[in-house]
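> pasting the structure only:
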Ligand SMILES: Nc1ncnc2c1ncn2[C@@H]1O[C@H](COP(=O)(O)OP(=O)(O)OP(=O)(O)O)[C@@H](O)[C@H]1O
């Protein structure tokens, strides 16, 4: 087909796109196919952003890209070429990015050995680009081709935005009404199961009732207790947590209610958690572990809002709201006479059950993003984005330890990826954690081995694969450096 015919077909597809009533993703892909054919580009890609920094991607679609090529393009988008196009509002065209002084220093440009790139900003309310890369026909994109691509970019911006709106409206977020009304900081997810937990939070938070949060370990019960407090009348007061499983049996009463001198040998006046939570919320985690003797005193506190500190003759008043949590079957414990029935009924006024991660797998993507952001901040590490394959891997994995296990595995993956100075977090960064024990934790020995392996890999890469040079930098004998390289199965051919 000659160029004029290709151009005509391309503009026809743009017109069809402008008329599309349902999801415009299909017609947009047709336009990209037309652009690739006309321009002889190897790949075409559209991306829209949250803001001008081109940092947070909102939506993208591509033609001629495998998933990993799309990932590679994203590496460029966040760093240089796309940012330059968006910030200047001008087309960026380079016949050879690798030799172009504007971009040649960029790691991603170097890694991909980028040649011809044409990047045109989209017209419309949100920043975005139309990005063409590679030339099957060699040489730069011809000026008349650049003109056509600029024409197309002028029209498709608004439609691409419609695609993002369509995607969002296709999957309404049931947690949204609650997020708009309540403070639910850092609780990631948009599943129906999570929305129904939020509904229970919204019902219980304005009342001063005792709440029992149940559900498997690591599902976020503590977070929900905090959310109830944050949205209650007591939010300006303290939120005091006591993990009943973490305190030795003999100390739990003094820990909870405080003690006076003489309560036990060497006892001084100590403030208990009940007093510390005055005016606020007392969160009793792992409530099933509270010894029977302390259960009676807790019942008295719940019934009369009064208690005795150890060895105190004075009945103290308490203005606290109690939230308790457990992953145990309290009814079973009651049947086994290991938990007081009257206390169980007192605690069980309003129950919120946290679903396991298996019951809300659609939250995995949100959890991965939210946890990685938080972990990067906590450790002062770069906010590395996961590759699309990473999400797929997480979704295909069982998480018996729920969000806690996911968090630990992500933490290890982020640390590994950052140590490697990787562009993305990839499934292999997670997979190494499989060498950890069944609880998902990595032992000290294993963590040290992983650290050493990453260090050798990195230093070897810096030394251009030269073991003697790497040994000199690390101040170790060459034979030792060689053995380490062998022991960690590092292939010199993989080092670039
Ligand atoms: N929806 C969520 N969004 C973000 N982080 C979460 C979410 N749910 C749990 N987490 C994180 O997972 C970890 C475990 O959560 P949490 O301690 O609240 O679980 P738990 O159910 O109280 O566990 P346990 O029964 O062992 O006490 C915490 O680091 C928490 O921040």
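On my side now, so go ahead. Being a predicted model, the structure only gives us computed values, none of them experimental. Numbering: from 1, shown residues only.
> the strands in this protein, which residues?
In the chain, the strands defined using DSSP state E lie at 41-49, 57-63, 92-94, 117-121, 128-135, 211-214, 239-243, 281-285, 306-308, 315-317, 321-326, 350-353, 385-386, 424-425.
> Contact partners for residue 270?
For residue 270, the contact set (Cβ atoms under 8 Å, 6 or more residues apart in numbering) comprises 254, 258, 259. All C-beta atoms are positioned from the backbone trio N, CA, C, and that covers glycine.
> quick revisit: could the strands of the chain be laid out in CSV, adding distance to residue 297, mean pLDDT and mean neighbour count?
As requested, the strands of the chain are exported to CSV (distance: least, Cβ to Cβ, whole Å; pLDDT from 0 to 100; neighbours: other Cβ atoms under 10 Å):
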stretch, distance to residue 297, mean pLDDT, mean neighbour count
strand 41-49, 57, 80, 23
strand 57-63, 55, 66, 19
strand 92-94, 71, 90, 22
strand 117-121, 68, 90, 25
strand 128-135, 63, 85, 25
strand 211-214, 18, 96, 24
strand 239-243, 13, 95, 18
strand 281-285, 12, 96, 24
strand 306-308, 6, 91, 17
strand 315-317, 12, 91, 12
strand 321-326, 13, 96, 26
strand 350-353, 22, 96, 17
strand 385-386, 48, 81, 22
strand 424-425, 48, 85, 20
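> Mind putting the ones you listed into a markdown table with distance to the ligand?
Listed next are the strands of the chain as a markdown table, based on distance: least, Cβ to the nearest ligand atom, whole Å:
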| stretch | distance to the ligand |
| --- | --- |
| strand 41-49 | 25 |
| strand 57-63 | 21 |
| strand 92-94 | 38 |
| strand 117-121 | 35 |
| strand 128-135 | 29 |
| strand 211-214 | 8 |
| strand 239-243 | 7 |
| strand 281-285 | 5 |
| strand 306-308 | 24 |
| strand 315-317 | 28 |
| strand 321-326 | 6 |
| strand 350-353 | 11 |
| strand 385-386 | 15 |
| strand 424-425 | 17 |
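> Tell me the pLDDT of residue 86.
Reported pLDDT at residue 86 in the predicted model: 75.
> Can you give me the distance of it to residue 349?
54 Å (Cβ to Cβ, to the nearest Å).
> cool, and residue 321?
Look at residue 321 and residue 349: by Cβ to Cβ, they are 11 Å apart.
> which residues do those two both contact?
With Cβ under 8 Å, 6+ apart, residue 321 and residue 349 have common neighbours 209, 210.
> that older thread, comparing residue 86 and residue 349, which residue is more hemmed in?
Neighbours of residue 86 and residue 349, each counted by other Cβ atoms under 10 Å, are more numerous for residue 86; the result is 23 against 14.
> ok, and the closest non-adjacent residue to that one?
residue 127 (4.7 Å; Cβ to Cβ, 6 or more residues apart in numbering).
> Count the residues that sit near the one you found.
Around residue 127 sit 23 other residues, with neighbours defined as other Cβ under 10 Å.
> Can you read off the pLDDT for residue 491?
pLDDT, residue 491: 72.
> let me redo that: residue 186
You'll see residue 186 listed with a pLDDT of 87.
> what about the residue nearest to residue 86, distance to the ligand?
If you measure residue 127 against the ligand using Cβ to the nearest ligand atom, to the nearest Å, the figure is 29 Å.
> how does this structure divide up, domain by domain?
3-170, 188-353, 359-494 (automatic domain parsing).
> What residues does the stretch 201-350 of the chain have near the ligand?
Counting by Cβ under 6 Å from any ligand atom, the stretch 201-350 of the chain comes close to the ligand at 217, 218, 219, 220, 221, 222, 223, 285, 325, 327.
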